[in-house]
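**Student:** fold the stuff below for me.
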Amino acid sequence: MTAGDAPLGWDRRMRQRLLRGEAAALGECYDRFASLVHGLAHRVLRDEEAADGITREVFAQVWEHPGEYDPAEGPLRSWVALLTHRLAVRRLRAAGTAALARDGRGTPEELERTVRRASVAARADYIVTAMPVPLRTALERAYFQRRDYRQTAADLGITADEARRRLRLGLQLLATAHDSDPSDAPDEPGAA
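**Tutor:** Now for the predicted structure:
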């Protein structure tokens, strides 16, 4: 087994434990992913209470339907993030639709733009937290500390070419946040 297989092995074992109904497995999953779930939900909904509700819903879904996760399709972390995103976007759309009906302010198009912006922002947050540490560190130096690639290279003790490569790859990954819209995916995990 290579080092790259280890996380997927954990994902497979976790799925099996959840399928057997091991409450300790749910606790372990919660410990590992709760901050990710809450952060993504909060990023979409901008409401602490609503993010708490989505967090509960996500882990209820994980507990009640662990068979919907397929390790062959990717890491458990990604499935949990996608589930979070779908539930949060659904809630945002429902709240926006209710506000449109109640107040008569805004348009369905404005609501969809809001949903899209929240979706892209949440996806970008997830991409940054999931990217390898060397890429994330280079991007953080360049963006938050306003360092150019030469300064980033010096800060990290790498060559200028390596710093440029890391920054380029990190930015390419971030650009994918705009490429696809997971909110257009089916509402239910595992739905076709």
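**Student:** what bits of the chain have low per-residue confidence?
**Tutor:** Filtered on pLDDT under 70, the chain yields the residue ranges 1-7, 97-106, 179-192.
**Student:** domains for the protein, by residue range?
**Tutor:** Residue ranges for the domains of the chain, per automatic domain parsing: 9-130, 133-180.
**Student:** possible to save those as TSV with mean neighbour count?
**Tutor:** Yep, even glycine has a C-beta here, placed from its N, CA and C like the rest. Shown next, in TSV, are the domains of the chain (neighbours: other C-beta atoms under 10 Å):
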stretch	mean neighbour count
domain 9-130	17
domain 133-180	16
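**Student:** ok, residue 87 - contacts?
**Tutor:** 41, 54, 57, 58, 61 (C-beta atoms under 8 Å, 6 or more residues apart in numbering).
**Student:** show me the strands in this protein, by range?
**Tutor:** For the chain, applying DSSP state E gives no strands.
**Student:** re earlier: can you lay out the contacts of residue 87 as JSON lines showing distance to residue 19?
**Tutor:** Listed next are the contacts of residue 87 as JSON lines, based on distance: C-beta to C-beta, whole Å:
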{"residue": "41", "distance to residue 19": "25"}
{"residue": "54", "distance to residue 19": "24"}
{"residue": "57", "distance to residue 19": "20"}
{"residue": "58", "distance to residue 19": "18"}
{"residue": "61", "distance to residue 19": "14"}
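**Student:** what about these, which are in helices?
**Tutor:** Residues of those located in helices (DSSP state H): 41, 54, 57, 58, 61.
**Student:** nearest to residue 21 among the residues you listed?
**Tutor:** Relative to residue 21, the closest of the ones in helices among the contacts of residue 87 is residue 61; by C-beta to C-beta it sits at 14.9 Å.
**Student:** how far away is that closest one from residue 69?
**Tutor:** 10 Å (C-beta to C-beta, to the nearest Å).
**Student:** now residue 120
**Tutor:** As judged by C-beta to C-beta, residue 120 and residue 69 stand 25 Å apart.
**Student:** what sits against the closest residue to residue 73 other than its chain neighbours?
**Tutor:** In this structure, residue 73 finds its nearest non-sequential neighbour in residue 79, 7.4 Å apart by C-beta to C-beta, 6 or more residues apart in numbering. Counting by C-beta under 8 Å, 6+ apart, residue 79 makes contact with 68, 69, 70, 73, 189.
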